[in-house]
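# Sequence and predicted structure below; questions after.
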Amino acid sequence: MSVQTASHPRSAGTGTSSPAKLRTTRLRSPRTGRRSRRSVALTLLMGLVLLYSLAPLFWLLVNATKTQDGLLNSFGLWFDADFALWDNIARTATYDGGIFLRWFANTVLYVVLGAGGATFLAVLGGYALAKFDFPGRKAVFAVVIGAVAIPGTALAVPTFLMFSQMGLTNTPWAVIIPSLISPFGLYLMWTFASEAIPTEIMESARIDGASEARTFFQVCLPLLTPGIVTVLLFTMVATWNNYFLPLIMLKNPDWYPLTLGLNAWNAQAATAGGEAIFNLVITGSLLTILPLIAAFLLLQRYWQSGLSAGSVKE
Amino acid sequence: MIKTLTRRGLLQSSAVAAALALGLTACGGGGNAAPQQTVNSDAVEQALQKGGKLTVWAWDQSLKKVAEGFEAKYPNVDVNLVNAGTGNDQYTALQNAISAGSGVPDVAQIEYYALPQFALSKSLADLGQFGAADLDGTFTAGPWSSVQAQGGVYGLPMDSGPMALFYNKELFDKHGIAVPTTWDEFLEAGRALKKADPKAYIANDTGDAGFTTSMIWQAGGKPYQVDGTNVGVNFSDEGSTKFAETWQKLIDEDLLAPISSWSDEWYKGLGNGTIATLSTGAWMPGNLVSGVADGAGKWRVAPLPQWEKGATSSSENGGSSLAIPAAGSQAALAYGFLKYSNVEEGVQTRIDGGAFPATSKDLASEKFQNTGFKYFGGQKANKIFAESAKNVPAGWSYLPFQVYANSIFNDTAGQAYVSGTKLKDGLTAWQKASVKYGTEQGFTVKE
């Protein structure tokens, strides 16, 4: 959800629509020092939204500290007498031969190659579409806009059949290659690049004798940082949470990402003779979201600098 | 890492996935006709000696040890045991692999209710070519009839789920309620329990296709008639009516806890006295031990209540077979594994791992029958289970599209549990929806 809300300031900053711009101004007014009388109501509303967003996290945190027994026999929104978080973490990491760590490493692999690659391609493509005039640009635009509208889930089965013929299913490539494509990221980079890079800078770089590659990497890329970070966050979240694609592509638990692995652990409680390990599923879920939270905290400053960069330019 | 037999798989999996799997069945089934070679048991022995790499898709955890034993006995064989998902997830994956024509495993775990669907689409090899028909009598009647389809044998029974009544003795004793031996007494016990403790329920049920069909099976109903592609669906026979009438009373009087089986709430309810009984398969003890530690010593096992006083009829709930996908290229070797796992040494390995066997010999063995269950206060529960396995009415069959049918149970019959719909009307709606789907899939379906 935080990703969704994040996209609004971004597009507002790049000045794509005037209502968005108006809203931005209003939202920012408290920061400029003008105290607003509506702030109580707004604070209250924000508090509610905050509660709504944080309550599940709180639940997760609280329940990750409970044993399987405590989970069933204590109040859901407060801690049990028995604090078992460390034990849970240790058991999560070692259960079934430490498969959780393997899943964790797989997920990191998919994110680094998949989301990293998707961001790189989106930056290249968005830059080219924004800054170079070539025949067929309009057609590419139409295709990209169309592609944004198609959910990846709908493509998963056709992709499976294709990959299966190529013998790629049940390998990491089956998850990484489809993750490399991010039409929305491309679109975002395109709009961002056309706003953030003044054509004059590129021209002066060329006049100074810089090659196109150098112009891109040394002059334009730094200007694009806020946009890149945004796209990176988007694709990271998408790849980290990806469920349906790996579900279809992967059969071997050794290549599962965390999402599939945790689901398998959860399903175990519903099978005859299977051990119910809800406490490990919950602890595992907590461990799963930590890297995402860390990524947001670490990357958000680039993001804020991007916002202000946009406002100055306006 | 996961054990056998989901009963919930269908409830939780989305209708989309089920429809997807079946859509693929429809277009992919015809192209993969079973290679009709005749191989005898010598060929199986030769394949075992020659060896090779065997990919097995199963979620049953106890197979791990079986695979190790198998590899020790046949050192040239390398078993690659893969958990490709539990129940429905795995069927979707299997169907996808069969349609795509690559990545198909040599052996797959398939639950009894899902087997006809794979058998009819010719996705599985007929084990008759290896002489599987000679195994008649090796397995108890219920599982053995479950692996027969189209005049062939399409899997070897791995485990079984003869039903019994698990009950919280402590709760019954506390309120002075007798353990029911008929379903009418069950209803009475439910009323008495509710009166004594408004928070306690005689059982939990939010609508479960597998349970419903098992109950109708016990009542002697035969709602499904299958002869090749000619299929009959009819929930107005006597057995179905008996079930619907009794269960309607339980629903109307709010005697069933609105808790779905296998949820965390369910595990909790079994432990804290909210749910007093559980009518399910003999594979349940393992789950109670690991999931409901609180209930240790409180629970006992009794024969399944009867529809008629003094009768001994039982039913099957759950259970899996191991089958050989037709697209695999090592059918003889795969059959060697099936036999080791489900007929020979593997059976004991799995019993030791807590599984409930399907082989008559093991069910009758003294050691098995005299095993005391600490969880049930030392009760020799296997005696009840083994007796139950003998008393499963013959002639039951599942639909060749049961996976889909079960997936729409909660949209039709399941409505009776959550709205004013009568269970009888709900079953009729389920029947109509099943007939419609079957007809669309090219079956000749009559009601």
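The structure has been received and is ready for your questions.

# Quick check, central residue of chain A?
Nearest to the mean C-alpha position of chain A, by Cα atoms, centre = their mean, lies A:Val237 at 2.1 Å.

# Would you mind giving me the confidence score for that one?
Looking at A:Val237, its pLDDT stands at 91.

# can you check A:Phe217 too?
So A:Phe217 comes in at 90 (pLDDT).

# what do you get for A:Ala205?
In the predicted model, A:Ala205 carries a pLDDT score of 89.

# Could you tell me the model confidence score at the residue lying closest to B:Asn230 once chain neighbours are set aside?
Leaving aside its chain neighbours, B:Asn230 sits nearest to B:Thr444 (4.9 Å; criterion: Cβ to Cβ, 6 or more residues apart in numbering or on different chains). Just so you know, the C-beta spots here come from the backbone N, C-alpha and C atoms, and that holds for glycine as well. Here the pLDDT value assigned to B:Thr444 is 93.

# who's in contact with B:Thr444?
Contacts for B:Thr444 (Cβ atoms under 8 Å, 6 or more residues apart in numbering or on different chains) come out as B:Thr229, B:Asn230, B:Val231.

# which among those end up buried?
Buried members of the contacts of B:Thr444, counted by 16 or more other Cβ atoms under 10 Å in any protein chain shown: B:Val231.

# hmm, back to that, the residue nearest to the centre of chain A and chain B, how far apart?
Noted for A:Val237: a distance of 22 Å to chain B, by Cβ to the nearest Cβ, to the nearest Å.

# What of A:Ala81?
For A:Ala81, the distance to chain B - Cβ to the nearest Cβ - is 16 Å.

# would that residue count as being in a helix?
No. With DSSP: H, G, I helix; E, B strand; the rest coil as the criterion, A:Ala81 is located in coil rather than a helix.

# And the strands in chain A?
In chain A, no strands are defined using DSSP state E.

# Please list the residues of it that sit near chain B.
With Cβ under 8 Å from any Cβ of the partner chain as the criterion, chain A comes near chain B at residues A:68-69, A:71-73, A:96, A:99, A:157, A:160-161, A:164-165, A:167, A:169-170, A:247-248, A:251-253, A:264-265, A:267-276, A:278.

# run the last query once more with 7 Å
A:69, A:71-72, A:96, A:157, A:160-161, A:164-165, A:167, A:169-170, A:248, A:251-253, A:264, A:267-276, A:278 (Cβ under 7 Å from any Cβ of the partner chain).

# For the chain, which residues score under the pLDDT cut-off?
You didn't pick a chain, so chain A it is. For chain A, the stretches with pLDDT under 70 are A:1-38, A:273, A:303-314.

# Chain B was what I was after
Residue ranges of chain B with pLDDT under 70: B:1-41.

# And whatever residue of the stretch 301-447 of chain B ends up closest to chain A, its phi and psi?
Relative to chain A, the nearest point of the stretch 301-447 of chain B is B:Gly354 (5.3 Å; Cβ to the nearest Cβ). Main-chain torsions, B:Gly354, degrees, to the nearest 10: phi 100, psi 0.

# Following the record's annotation, map out the domains of chain B.
Annotated domains of chain B cover B:9-160+B:319-364, B:163-315+B:395-446 [automatic domain parsing].

# And the first one, how far out from the chain middle?
Right, domain B:9-160+B:319-364. Offset of domain B:9-160+B:319-364 from its chain centre (Cα atoms, centre = their mean, to the nearest Å): 15 Å.

# just stretch A:208-228 next, same as before
Centre-to-centre, stretch A:208-228 and its host chain are 25 Å apart (Cα atoms, centre = their mean).

# do stretch B:306-322 as well
The answer for stretch B:306-322 is 12 Å, by Cα atoms, centre = their mean.

# Residue 136: neighbouring residues, count only.
This is for chain A. 8 (other Cβ atoms under 10 Å in any protein chain shown).

# wrong one, chain B
Using other Cβ under 10 Å, B:Asp136 has 10 neighbouring residues.
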